[in-house]
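Enquirer: just need the structure, nothing else, for what follows:
(chains A and B)
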Amino acid sequence: MSGTRTERTFQATGSWAGPELVERICERFESAVLGQSEAFGEREVTVRREIWPTLARWLKEDEGFEYLLDLTAVDYLGLRPVRFEVVAHFYSLSGNRRLRVCVPLQEERAELPTLTGLWKAADWYEREIWDLYGIRFAGHPDLRRLLLYDEFKGHPLRKDYKMKARQPLIGPGTMGGAASQSREDEADV
Amino acid sequence: MSEQSGGTPPITAHSTEMTLNMGPSHPTTHGIVRLKVRTQGEEITDCDIEIGYLHRGFEKMCENHPWNQCVVYVDRLNYVSPIINDVGYHMAVEKLLGLEVPVRGQWLRMLTSELMRICDHQTCIAASCMELGAFTAFLYLIKGRDLIWEVLEKICGARVTTSYTRIGGLAYEPYPGMKEEILELFTDLRDINREIDLLMSDNRIFIDRTRGVGALDRATCLSYGFTGPVARAAGIEFDVRVQHPYLLYNQVDFDIPVCSSGDCYDRYLVRLHEMEQSLRIVEQSLAKLPTDGPVSAPDARYTAPPKEQVYTRIEGLMNHFKHHMWDHMLAPPPGAVYHAVEGGNGELGFYLVSTGGEQPWKVRCRPPCFGITQALKEMIIGRSIADVVPIFGSINMIGGELDR
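Expert: All right, here's what the predicted structure looks like:
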């Protein structure tokens, strides 16, 4: 069997980013940092939406976070004054550390600048968030639904979308039929 | 022939662009996925990948079920290696609870996870070889997978949808003689690996179809968030078991196969070698597995009592109901955690949000094949239609975790 290296050259010291990274973020972005925590050993920073792409670029280019491992959203309807939160998990392979960044978003302005210019992975993650939560990503080259079909009404992972809501499937004779739930205020892309 | 200015070019069979639908249900698409391919002759010029055909509202369902009942949905994420999903989800919940699983349970979780990884790689190699015409390899590997499934059936009563783990431990004690039966498998599994190596690794047809096909450079792989065997085939030294050891992975000795070119052939090689490494982990786990002790945390607040106690003791019966009645069930403290395990395809992460209720507020699964399937477009553009087959086979798209 040729062409394969099977030695382990990397170290098992994986952890989450330390407080010094948060200090640097605070230093650089000052008032845009809304909060930070280290619960369950996981480093989390909450920031204002305004610095979103700048912070991400800085993390990638200056702090060595090569990976945008995960991008998702949470709907805190009825729990928090600011309804949505976009949650990103960054990972630095070279530094072997993780970081979670949260961005709270008001329902009326549920929109963030896209990260597609920085990570290709952001493309589908953002399409999925738009599909399931109805959060838009400005500057995304192709913000279509990803998992659901184009004719789907509403965004099913929003807490006010009922679990048992049913929609007519696409196909002849079903278009425009009686949907058990429809959200007219949301226009599809 | 002299050039004619202003004249129309001669029409050939290759001159018009054509749209070709591969899928949703197509022999090359293992799951259900639709590749809308633009072709110029044999060459692919553009492609749109349409996923979601297996979307079943995983997150929505989890958000509307008790923490302990999500396991059946989690199972169906990567249905080729379900126990790894179970372990990942439950470890995340245990992190929220601050709950420690007994050592015996941890070894069992680990060795069953590694058996699942072997199944995952076997299935992937089997399918991709079959699509390239090597039906023998398919049959050999699927035979090997069935050997594991037979043991799995005795361990947890199911072959595919295992639901083996629980919050705080495992659903069942290992059956008597499990250790010996698994060890007996080793000869067969190693034989199969050797046969596959002999059949495929130096096979001219296989090499011609896979060498240099579907390769992406390291930077692009990182940009797409590749993890797991596909990333390691491209020289990215990242394995959650090593960088972020969970369970008892830091107590066993194993290697991480890494290649450099990132083509379909290297992906095959990495998977083939990883199976052997998984066997090594299983071997060591079996040797270190304590013969007695609980497999689940002996704490009635978190784990349901064994059935013998439910049927014979009033405390057991009460405990049982406390675990299954609304307003009495397990409710982790408020908070958010992210826990990642190394799935068959790479980093399988669970981001859980608890509000202190009996149902999760959010259960996000980071599916490892998501970014890889997204990158399929880049891998096939500029190549011929025939290349879609080995490339699609090598990325190991699993509909369950991709579409959730």
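Enquirer: give me the pLDDT for residue 61.
Expert: Let's take chain A. According to the prediction, A:E61 has pLDDT 89.
Enquirer: chain B is the one I meant
Expert: Looking at B:M61, its pLDDT is 90.
Enquirer: please name the residues that touch residue 23.
Expert: The chain I'm using is chain A. Under the criterion of CB atoms under 8 Å, 6 or more residues apart in numbering or on different chains, A:E23 has no contact partners. Any C-beta I mention is one placed from the backbone N, CA and C, and that applies to glycine too.
Enquirer: hmm, no, I was thinking of chain B.
Expert: B:G23 touches B:29, B:32-35, B:50, counting by CB under 8 Å, 6+ apart.
Enquirer: next, format these as a markdown table and append secondary structure, distance to chain A and pLDDT.
Expert: Converted to a markdown table, the contacts of B:G23 look like this (DSSP: H, G, I helix; E, B strand; the rest coil; distance: CB to the nearest CB, whole Å; pLDDT from 0 to 100):
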| residue | secondary structure | distance to chain A | pLDDT |
| --- | --- | --- | --- |
| B:T29 | coil | 16 | 68 |
| B:I32 | coil | 12 | 84 |
| B:V33 | coil | 12 | 87 |
| B:R34 | strand | 12 | 87 |
| B:L35 | strand | 15 | 88 |
| B:E50 | strand | 9 | 89 |
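Enquirer: what is the neighbour count of residue 124?
Expert: Since no chain was named, I'll use chain A. 24 (other CB atoms under 10 Å in any protein chain shown).
Enquirer: ah, no, chain B please
Expert: 25.
Enquirer: can I take it that it is in a strand?
Expert: No: in this structure, B:C124 is helix, not part of a strand, as judged by DSSP: H, G, I helix; E, B strand; the rest coil.
Enquirer: quick check: it vs B:G168, distance?
Expert: Distance, B:C124 to B:G168, by CB to CB, to the nearest Å: 32 Å.
Enquirer: can you map out the strands along the chain?
Expert: This is for chain A. For chain A, applying DSSP state E gives strands covering A:15-16, A:33-39, A:42-47, A:67-75, A:84-92, A:97-105, A:111-113, A:136-138.
Enquirer: that's the wrong chain, I wanted chain B
Expert: Using DSSP E, strands in chain B cover B:17-22, B:34-40, B:43-50, B:165-166, B:169-170, B:335-343, B:346-354, B:362-366.
Enquirer: mind putting those strands in a markdown table, mean neighbour count and distance to B:E181 included?
Expert: What follows is the strands of chain B, written out as a markdown table (neighbours: other CB atoms under 10 Å in any protein chain shown; distance: least, CB to CB, whole Å):
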| stretch | mean neighbour count | distance to B:E181 |
| --- | --- | --- |
| strand B:17-22 | 13 | 42 |
| strand B:34-40 | 18 | 42 |
| strand B:43-50 | 16 | 42 |
| strand B:165-166 | 28 | 20 |
| strand B:169-170 | 26 | 17 |
| strand B:335-343 | 24 | 25 |
| strand B:346-354 | 25 | 27 |
| strand B:362-366 | 25 | 32 |
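Enquirer: make a markdown table out of those strands and add distance to B:L97.
Expert: Shown next, in a markdown table, are the strands of chain B (distance: least, CB to CB, whole Å):
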| stretch | distance to B:L97 |
| --- | --- |
| strand B:17-22 | 45 |
| strand B:34-40 | 41 |
| strand B:43-50 | 39 |
| strand B:165-166 | 12 |
| strand B:169-170 | 12 |
| strand B:335-343 | 10 |
| strand B:346-354 | 9 |
| strand B:362-366 | 15 |
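Enquirer: can you tell which of the ones you listed is closest to B:D299?
Expert: Counting by CB to CB, B:D299 lies closest to strand B:169-170 out of those; the figure is 9.8 Å.
Enquirer: residues making contact with the closest one?
Expert: B:101-102, B:105, B:108-109, B:164, B:294-297, B:303.
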